[in-house]
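**Q** predicted structure and sequence below. I'll ask about it afterward.
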Amino acid sequence: MKPPFEHARDGEYLWDRSGEPDADVAGLERLLAPLRWQDSARRGAEVAVPVPRLRKRGSRRRGAYAVAAALALAAAGLYGWHAHRMAWPEARAWQVAGLEGHVRIDGAMVASLDALPPRALLETGDATVRLRAARIGEVVVGPRSRFRLVETRSGRHRTQLQQGTLWARVWAPPGAFGVSTPAGDVFDLGCEFVLRADGGGRGSLTVRSGWVQVDSRWREVLVPQGTRVDFGEGGEPGIPYDLGASDGFLSALRTLDAQGRDADPGGVAMRALLAESRAQDAISLVALLHAYPALAEGPLYERAQAIMPADARVTRAALRERGAHALSPWWDALPYPRIKRWWMQWPDAFAARDDARILLREDRR
């Protein structure tokens, strides 16, 4: 036990560092030396003492609310834009976006044209006319064409191409835009296409994006992007084909289509067709089976089965029993955009930058 004066000395060291420190105090002092305060004159390098970062309560929640609010505003804006685009007053004239040359309206020559009203007959002569198809797209009417706007209102826009060339690009639900021709009715399924027709019904339809449906008194034909269908004498539609198909393939395809139900499933034309066929020609093989299911009794079925994905099963038995209706798995497996996803063709929502005459060109053949 220390005498009283020894305790007094320890206390003095703690106050003014006089006297000898206690061993425990000296040890503690050495341990805490790095954190010792120094005045500015004596300070060498300050010792950084880490300060704990305090996370603000609710910051994450407020961030999530901000993101949700931004998404809601964007969705509301997109919905409003879409609703405005699809809406169109009944019988309102279509605006003319470009005119190269002189045209006739109901037989009268005009040098300028601001709008095309419903029922008026447009005859282009050597001119080219670019129209805004309500708010859903664009239409270019080429030289030597006779064109009429038949009906126009929200959700339904119908036109008529009596003869000539027409380019259209539409971003709207399937069936919103249609063209009547001597060959039948052409319905846009969310796409871009070039249509040619003469007064007798002959012509062609080339699809650049999406799908187009052709309804005629002969049959219904679905034409996807990158393909074409030709219209024969009187407007009868042929079998759609890929734009890269060989001449030999097309010759055999037209022969088989002309033979119709009398075509030999294993004949010369069929053998020539299959010898020239590629994977890209699947659209023609499936469409040929759709038009003439009896051809499945020959090698056409095996070739189509080899091209189509293995999980898309169509059997001969199903074709015998259900005919063309059994082909749904193969139609769904074709490598084209889905018709029900027309909105995925969003580039078609914007105006084309190309010159009108370039838009009217057919890609091949």
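**A** Yes, it's here. Numbers count the residues shown, from 1 in each chain.
**Q** rest of the way, CA atoms for contacts and neighbours
**A** Will do.
**Q** got the phi/psi numbers for the closest residue in space to Gly101 that isn't next to it in sequence?
**A** Spatial nearest neighbour of Gly101, chain neighbours left out: Ala127 (4.4 Å); criterion: CA to CA, 6 or more residues apart in numbering. Backbone geometry at Ala127, expressed as degrees, to the nearest 10, gives phi -90, psi 170.
**Q** again, but for Ile358
**A** phi -70, psi -40.
**Q** per-residue pLDDT, it?
**A** Looking at Ile358, its pLDDT stands at 87.
**Q** pLDDT-wise, which helix or strand of the protein ranks last?
**A** helix 4-16 (a mean of 43; mean pLDDT, DSSP states H and E).
**Q** per-residue confidence averaged over the longest strand seen in the chain?
**A** Scanning the chain for the longest strand, with DSSP state E as the assignment, gives strand 156-170. Strand 156-170 comes out with an average pLDDT of 97.
**Q** with stretch 188-207 instead?
**A** Rounded mean pLDDT across stretch 188-207 is 93.
**Q** how long is that stretch end to end?
**A** 10 Å (CA to CA, to the nearest Å).
**Q** repeat for stretch 122-138
**A** Across stretch 122-138, first to last residue, CA to CA, it's 16 Å.
**Q** list the buried ones in that stretch?
**A** Going by neighbour count (16 or more other CA atoms under 10 Å), the buried part of stretch 122-138 is 122-125, 127-138.
**Q** among these, name the ones in strands.
**A** Per DSSP E, the subset of those in strands is Leu122, Glu123, Thr128, Val129, Arg130, Leu131, Arg132, Ala133, Gly137, Glu138.
**Q** looking at it, the last one is touching Arg353, isn't it?
**A** Translated: Glu138. No - using CA atoms under 8 Å, Glu138 is not in contact with Arg353; the gap is 11.3 Å.
**Q** make JSON lines out of the ones in strands among the buried residues of stretch 122-138 and add pLDDT.
**A** Below are those laid out as JSON lines (pLDDT from 0 to 100):
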{"residue": "Leu122", "pLDDT": "98"}
{"residue": "Glu123", "pLDDT": "98"}
{"residue": "Thr128", "pLDDT": "96"}
{"residue": "Val129", "pLDDT": "97"}
{"residue": "Arg130", "pLDDT": "96"}
{"residue": "Leu131", "pLDDT": "97"}
{"residue": "Arg132", "pLDDT": "96"}
{"residue": "Ala133", "pLDDT": "94"}
{"residue": "Gly137", "pLDDT": "93"}
{"residue": "Glu138", "pLDDT": "96"}
